[in-house]
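> Below are the sequence and a predicted model for it; my questions follow.
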Amino acid sequence: MSVSLGLSGNMRKTADWMTQADDRILELIRDEGNLTPSAIEHLGGPVRQYASERATLLAQYGLLEVVYRGLYRLTDNGHAYLDEDLDANKLEPVNSE
């Protein structure tokens, strides 16, 4: 199991499939509201294409959800993960169909 330091310096329980960019994406969406990958890049996150790939994966695991094509919002699980109340290793991919 991996851990990631949150903004408060506490440890989040990340999953093996997660990268440091995932925390940044989740934090930006929490702080700014629904975002597109382009907006994530503009606000200091990873470049648009990588942000899009990571947001898609975060949505597959239920930390984000697609509001509209290319627009993402944080889920309850996403909030719980950022608040260190959820171990991301326990998440399973959800059916996005």
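Done, it's in.
> Show me the strands in the protein, by range?
For the chain, the strands defined by DSSP state E cover 2-5, 11-14, 64-68, 71-74.
> nearest to residue 93, of those strands?
For residue 93, the closest of the strands of the chain is strand 64-68, at 12.8 Å, according to Cβ to Cβ. Yep, even glycine has a C-beta here, placed from its N, CA and C like the rest.
> what's the closest of the strands of the chain to residue 43?
strand 71-74 (12.9 Å).
> Could you list every helix and strand in contact with that closest one?
Applying 3 or more Cβ pairs under 8 Å, 6 or more residues apart in numbering; DSSP states H and E, we find strand 71-74 packed against helix 20-32, helix 48-60, strand 64-68.
> Could you check how far residue 81 is from residue 27?
11 Å (Cβ to Cβ, to the nearest Å).
> if we can go back for a sec, of all the strands of the chain, which lies closest to residue 38?
Short answer: strand 71-74, nearest of those by Cβ to Cβ, at 10.4 Å.
> Run through who's touching that closest one.
Defining contact as Cβ atoms under 8 Å, 6 or more residues apart in numbering, one finds that strand 71-74 is touched by 26, 29-30, 33-36, 55, 58-59, 63-67, 82.
> Give the burial count for residue 75, as a bare number.
18 (other Cβ atoms under 10 Å).
> That one: what's it in contact with?
62-65.
> what residue is smack in the middle of the protein?
residue 26 (3.6 Å; Cα atoms, centre = their mean).
> Now mean pLDDT and distance to residue 12 too, for the helices and strands packed on strand 71-74, in a markdown table please.
Output for the helices and strands packed on strand 71-74, formatted as a markdown table (pLDDT from 0 to 100; distance: least, Cβ to Cβ, whole Å):
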| stretch | mean pLDDT | distance to residue 12 |
| --- | --- | --- |
| helix 20-32 | 97 | 7 |
| helix 48-60 | 98 | 13 |
| strand 64-68 | 97 | 15 |
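> Could I get those in TSV, plus columns for distance to residue 75?
Shown next, in TSV, are the helices and strands packed on strand 71-74 (distance: least, Cβ to Cβ, whole Å):
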stretch	distance to residue 75
helix 20-32	10
helix 48-60	9
strand 64-68	5
